[in-house]
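Asks: I would like to see how this sequence folds:
(4 chains)
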Number of protein chains: 2
Amino acid sequence: MSTEVSDLEPVSRRSTAEIVADRIRTAIMRGTFAPGAQLGEVDLAGRLGVSRGPLREAMQRLVAEGLLRSERHRGLFVRELGPDDVRDVYLARTAVERAAALQVLAGDRAAAAVALEIPLGAMRAAAAAGDAVALADADHDFHAALVAASGSPRLRRMTDGLLVETRMCLAAFQQTAPPAPELLAEHELLRDALRDGRTELLLDRLAAHMDEAVARILAAMPGAA
Amino acid sequence: MSTEVSDLEPVSRRSTAEIVADRIRTAIMRGTFAPGAQLGEVDLAGRLGVSRGPLREAMQRLVAEGLLRSERHRGLFVRELGPDDVRDVYLARTAVERAAALQVLAGDRAAAAVALEIPLGAMRAAAAAGDAVALADADHDFHAALVAASGSPRLRRMTDGLLVETRMCLAAFQQTAPPAPELLAEHELLRDALRDGRTELLLDRLAAHMDEAVARILAAMPGAA
DNA sequence: GCACCTAGGATTGTCAACAATCCGCCTATC
DNA sequence: GATAGGCGGATTGTTGACAATCCTAGGTGC
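Replies: Numbers count the residues shown, from 1 in each chain, chains lettered A, B, ... in the order given. Down below sits the predicted model:
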């Protein structure tokens, strides 16, 4: 809203509803809207500078993505994710990223390994600077890049949605700083196994990576069994 | 539109946008709207008896699901699925249903096998009657039931979307009648392997089932490589 | 004859107002 | 004192109209 770099296409190529959806999605991802919080339409519309029409369209999109819960004549609420949801998100992520990894292994492994170097670099910088948010961003980008390298639009779309939910889980209790060096090492091992075409090793490490993430999150969760 | 069985809750519990989305989704699934066709808002709104507001909300939902393609100031078009899309849909389905199958194997196999008997019965009846549409419905229900038995909401939601795209692929050239007895046998083999807990066998049969479906569809497709 | 420009029509994008519904609180009654 | 009934405020759901944009057809100049 403040500084647009390219005023050539201020609002042209993307629909307003899509822009609004992205904005709210990011806000939910960052924890700006607490889980369970109600989102008033007039308030949001006024804050974003749009009318209720496009805003409602954006909301429908987020409801379809599973980020919001709509109660008729009650309002829209940010979905709250419990322990079961954490397990389910990572179950689905494991399934999708496993398939993506297999596709990458069958394709151009080297190019994918190179592409992964970008988020890995960001992860190293974030770890060195002790920036937890940047670390989470880099983690996010790593997995998005992995799935993007598969060349599958549907796996990519699914991952995009699941990663947002992952960030929602993390944002609920950001104070739980993950051990940065360990996290970085895990991702580098994934990159190594991918680059070297070690199929079984990659799949095992991927599954282990997911299991550890679930354990980390559930350990930091209040009412986890 | 013609005969509603339960007029007790005509529009109460579900939002209008959701109802409209379901209606259009079904129409796309059945091939009522040809791929690439433009959907005019005023025309659809008038035909469904709602205003353009809820209709646009429903459209945003379908766009998010990947069924429609929106071009700004141009209109909404039914997505056309090419050979690459067919392969991608089944790639994603294989990933999701594999994960679901593993979850079922780790849970209550017997109950899942019983649940699968319902769509299998419908499939037998459709095969005997030579009803291609009912056969496709039963096929659809089988895989939906398999994933539902996993107890994972996210795998379930992904499958719902992917199955709709599957039907879109099939609807494009309905005349390609699949060999009913063979299709039935394949699904019964899946059920058997699931019931008996034969993990490797089930996963192999599932992958083969998907591969055969892709081959069947691509063979009937006009411009397939 | 061909290319460019312009007017027309139609469609989408957006907005502000109206109507229906629900929640919380207050009051009256048992 | 507790509970049933009703009222007020707020929010969502829906509608119709207005404005911006794009494609197509026709005309004009070169």
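
Asks: okay, A:Thr16: pLDDT?
Replies: Predicted confidence (pLDDT) for A:Thr16: 85.

Asks: ok, which stretches of chain A are strands?
Replies: A:38-39, A:68-71, A:75-78 (DSSP state E).

Asks: what's the closest of the ones you listed to B:Ser70?
Replies: strand A:68-71 (20.4 Å; C-beta to C-beta). Where you see a C-beta, it was placed from the backbone N, CA and C, and this is true even at glycine.

Asks: list the buried ones in that closest one?
Replies: Within strand A:68-71, the residues that count as buried by 16 or more other C-beta atoms under 10 Å in any protein chain shown are A:Leu68.

Asks: Show me what it is packed against.
Replies: Packing contacts for strand A:68-71, counted by 3 or more C-beta pairs under 8 Å, 6 or more residues apart in numbering or on different chains; DSSP states H and E, involve helix A:52-65, strand A:75-78.

Asks: Around DNA strand D, which positions in chain A sit nearby?
Replies: Listed as neighbours of DNA strand D in chain A under the rule C-beta under 7 Å from any atom of the strand: A:12, A:38-42, A:52-53, A:56, A:70, A:72-76.

Asks: In CSV, list the strands of chain A along with mean pLDDT.
Replies: Putting these into CSV (pLDDT from 0 to 100) gives the following:
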stretch, mean pLDDT
strand A:38-39, 90
strand A:68-71, 89
strand A:75-78, 90
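
Asks: Name the residue closest to the centre of chain A, please.
Replies: What sits nearest the mean C-alpha location of chain A, by C-alpha atoms, centre = their mean, is A:Leu163, with 2.4 Å.

Asks: Make sure that residue is actually in contact with A:Ala145.
Replies: No - taking contacts as C-beta atoms under 8 Å, A:Leu163 lies outside contact range of A:Ala145: 11.2 Å.

Asks: Any buried residues in stretch A:111-123, and which?
Replies: Counting neighbours by 16+ other C-beta under 10 Å, one finds that the buried residues in stretch A:111-123 are A:112-113, A:115-116, A:119-120, A:122-123.

Asks: With stretch A:39-53 instead?
Replies: Neighbour counts over stretch A:39-53 (16+ other C-beta under 10 Å) mark A:39, A:44-45, A:48, A:50 as buried.

Asks: Show me where chain A has its helices.
Replies: Assigned by DSSP state H, chain A shows helices spanning A:16-30, A:41-48, A:52-65, A:83-106, A:109-129, A:132-148, A:153-171, A:180-195, A:199-220.

Asks: Including distance to B:Leu203, could those helices go into JSON lines?
Replies: Shown next, in JSON lines, are these (distance: least, C-beta to C-beta, whole Å):
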{"stretch": "helix A:16-30", "distance to B:Leu203": "34"}
{"stretch": "helix A:41-48", "distance to B:Leu203": "46"}
{"stretch": "helix A:52-65", "distance to B:Leu203": "29"}
{"stretch": "helix A:83-106", "distance to B:Leu203": "12"}
{"stretch": "helix A:109-129", "distance to B:Leu203": "24"}
{"stretch": "helix A:132-148", "distance to B:Leu203": "21"}
{"stretch": "helix A:153-171", "distance to B:Leu203": "18"}
{"stretch": "helix A:180-195", "distance to B:Leu203": "22"}
{"stretch": "helix A:199-220", "distance to B:Leu203": "13"}
